[in-house]
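*Asks:* Prediction below, plus the sequence it came from.
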Amino acid sequence: MKITTDIDSTSRSRLGSVFITLSFIIFLIPFSFDMGGDGLSGNYSFFLFPIFIWLLSHKIYSPDQDTTIVIFIYVLIFIVSTVYQYQYYQFADRRLVSFIIFLSIFLFLSIKIDSNMILCFKLALIFVSILFSVLTISNFYSLGGNDLGFSAKGDVGSQRYGFVYIMALWVIFYYNPINKLFQPLKYAAFLIIVVGLMLTFSRSGIISLLGSFLIYAMNRFANNKVNIKTIASFIILAIASILGYLIILRLFPVVFDFFGERLFSLETSSGASTYNFEDTESSEGWRLYMMKIIGEFILLNPFTGSGFLGSWILFDDLSGSAHNQFLDVLFRTGIIGFVIYLWLLYRLLRFLKLNDPSLFWGFTGVLIYGLFHETFKLSQGSFILSFMIGMMMQKNLSASCHVHHTALNDQGS
């Protein structure tokens with residue numbers, strides 16, 4: 001009888017894990033709708049997951065005192081900006097929606113996140129990244145493959161998903177299969193996602209990947225964690241990288257031509273400068289221009305920013321974005337809200353470094369990516385950040401409960 005009960009319990013646990021993983025995969029799938037000429041991220045189905053858990057467990061966890069204060073300050077920014085920015089009253093509905101979406105980063109701190117759910121989160125990152133990479137590769141070849149030339153950037157490229165690939169790559173990097181027969185699958189999955197990342201034709205993706213791995217290598221050497229095993233790992237990684245390079249060069253030479261000219265060269269094939277900071281028509285010139293006008297806006301609205309409205313309010317056609325996650329938050333929340341946001345990211349970084357190196361380095365890569373594009377503003381980014389903040393809060397609450405329980409025991413003895 002006991003054996004049967006254990007089998008039933010195991011089956012339910014596995015079904016639960018499959019359900020959670022599939023749910024997380026759905027949350028990571030991006031889709032957008034048009035508003036004012038811009039494609040707005042629209043898959044916020046992850047809002048439903050905590051509600052489902054609340055109904056199932058009949059438990060809602062409360063944030064710690066610091067987080068409660070943070071949420072209160074953001075609510076205050078919303079209320080004050082809504083009242084005094086009368087010129088934006090016609091956008092009251094969009095302000096409210098943007099505010100709710102912004103606060104969604106705290107949504108998962110209200111549920112219990114255990115090790116199994118974290119595993120499901122990592123599996124979802126890997127599965128969805130492989131899926132989108134394969135679909136992108138298929139689309140690339142169906143449209144003409146390498147014959148597309150640099151026009152492939154517009155035909156198959158996208159900067160809206162590269163940071164998810166970065167997270168998945170670091171999860172795979174830290175994965176150590178128990179059965180060595182699975183080792184080739186690990187390398188194959190890594191290679192497929194790298195190809196997917198390169199086919200985004202986004203320079204920020206390559207910078208984020210190389211930057212996070214460079215910081216990782218420097219960190220290993222700085223902390224004197226270099227031993228025979230580390231050296232052997234770097235040698236294996238170097239060999240695997242060379243093999244991966246040769247495979248990608250053979251199958252997708254256009255991506256090396258593209259990044260060789262648009263990222264690692266100071267001049268294009270036409271002789272023009274690759275980086276032109278004075279021309280607002282160029283990618284880097286537009287970003288510099290956005291930094292300027294957002295800075296001017298913040299000088300006039302230092303405490304509230306735009307009150308969670310996007311930078312599109314700066315333009316007559318109500319179209320545009322900051323193209324930088326940090327600038328976007330600064331514009332939406334003002335200086336105080338921005339400083340609090342940075343503090344929150346710092347807390348999360350510190351927590352991940354102590355508790356989960358794969359997510360720590362993935363998150364580091366995403367932060368680098370955020371210097372060039374919005375990340376956590378997008379629905380898939382909001383879900384990733386919300387889940388990891390939930391991880392952090394649950395760990396802190398567990399630690400507090402443990403300390404409190406120990407103190408009670410000490411008093412009793």
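*Replies:* Received it, and whenever you're ready, just let me know what you need. Numbering: from 1, shown residues only.
*Asks:* Please enumerate the strands of this structure.
*Replies:* Assigned by DSSP state E, the strands in the chain fall at 32-35, 38-41.
*Asks:* how's the chain carved up into domains?
*Replies:* Using automatic domain parsing, the domain ranges for the chain come out as 23-111+280-413, 112-274.
*Asks:* residue ranges with poor pLDDT in the stretch 101-250 of the chain?
*Replies:* For the stretch 101-250 of the chain, residues meeting the criterion pLDDT under 70 lie at 224-226, 229-230.
*Asks:* let's see 80
*Replies:* Counting by pLDDT under 80, the low-confidence segments of the stretch 101-250 of the chain come to 159, 180-181, 222-234, 236-237.
*Asks:* Could you do the stretch 301-413 of the chain as well?
*Replies:* Using pLDDT under 80, the stretch 301-413 of the chain drops low at 394-413.
*Asks:* If we use 70, what do you get?
*Replies:* Per-residue confidence for the stretch 301-413 of the chain (pLDDT under 70) gives these ranges: 396-413.
*Asks:* all helices for it, in order.
*Replies:* Under the criterion DSSP state H, counting those that start in this stretch, the stretch 301-413 of the chain carries helices at the ranges 325-355, 357-369, 379-412.
*Asks:* before we move on, back to that, out of the domains of the chain, which gets nearest to S13?
*Replies:* The stretch from the domains of the chain with the least distance to S13 (Cβ to Cβ) is domain 112-274; that distance is 7.7 Å. For every residue, glycine as well, the C-beta is placed using N, CA and C.
*Asks:* Just name the most buried of the helices of the stretch 301-413 of the chain.
*Replies:* Stretch with highest mean neighbour count among those: helix 357-369 (a mean of 23; mean count of other Cβ atoms under 10 Å).
*Asks:* circling back: rank the strands of the chain by mean pLDDT and give me the bottom one.
*Replies:* Within these, the least confident segment by mean pLDDT turns out to be strand 38-41, at a mean of 54.
*Asks:* related to what we said a few turns ago, mind giving me CSV with the helices of the stretch 301-413 of the chain and columns for distance to S306?
*Replies:* Formatted as CSV, the entries for these read as follows, by distance: least, Cβ to Cβ, whole Å:
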stretch, distance to S306
helix 325-355, 6
helix 357-369, 23
helix 379-412, 18
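*Asks:* quick one: which of these is nearest I178?
*Replies:* Within the helices of the stretch 301-413 of the chain, the stretch nearest I178 is helix 357-369; the backing value is 16.4 Å (Cβ to Cβ).
*Asks:* Mind giving me the packing neighbours of that closest one?
*Replies:* Contacts of helix 357-369 with other secondary structure elements, assessed using 3 or more Cβ pairs under 8 Å, 6 or more residues apart in numbering; DSSP states H and E, are made with helix 162-174, helix 203-222, helix 325-355, helix 379-412.
*Asks:* Buried residues, the second one. List them.
*Replies:* With burial defined by 16 or more other Cβ atoms under 10 Å, the residues of helix 203-222 counted as buried are R203, S204, G205, I206, I207, S208, L209, G211, S212, F213, Y216.
*Asks:* contacts for it?
*Replies:* 159, 162-163, 165-166, 169-170, 194, 197-198, 226, 230, 234, 259, 262-263, 361-362, 364-366, 368-369, 371-373 (Cβ atoms under 8 Å, 6 or more residues apart in numbering).
*Asks:* What's the PyMOL line that selects buried ones from the residues you listed?
*Replies:* The buried subset of the contacts of helix 203-222, as determined by 16+ other Cβ under 10 Å, is captured in PyMOL by this line:
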select buried, resi 159+162+163+165+166+169+170+194+197+198+259+262+361+362+364+365+366+368+369+371+372+373
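*Asks:* how far out from the middle of the chain is stretch 202-209?
*Replies:* Between the centre of stretch 202-209 and the centre of its host chain there is 13 Å, according to Cα atoms, centre = their mean, to the nearest Å.
*Asks:* if we can go back for a sec, to L131, which of the helices of the stretch 301-413 of the chain lies closest?
*Replies:* Judging the helices of the stretch 301-413 of the chain by Cβ to Cβ, what sits closest to L131 is helix 379-412, at 13.0 Å.
*Asks:* which residues does F132 contact?
*Replies:* Residues counted as contacts of F132 (Cβ under 8 Å, 6+ apart) are Y161, V164, Y165, G196.
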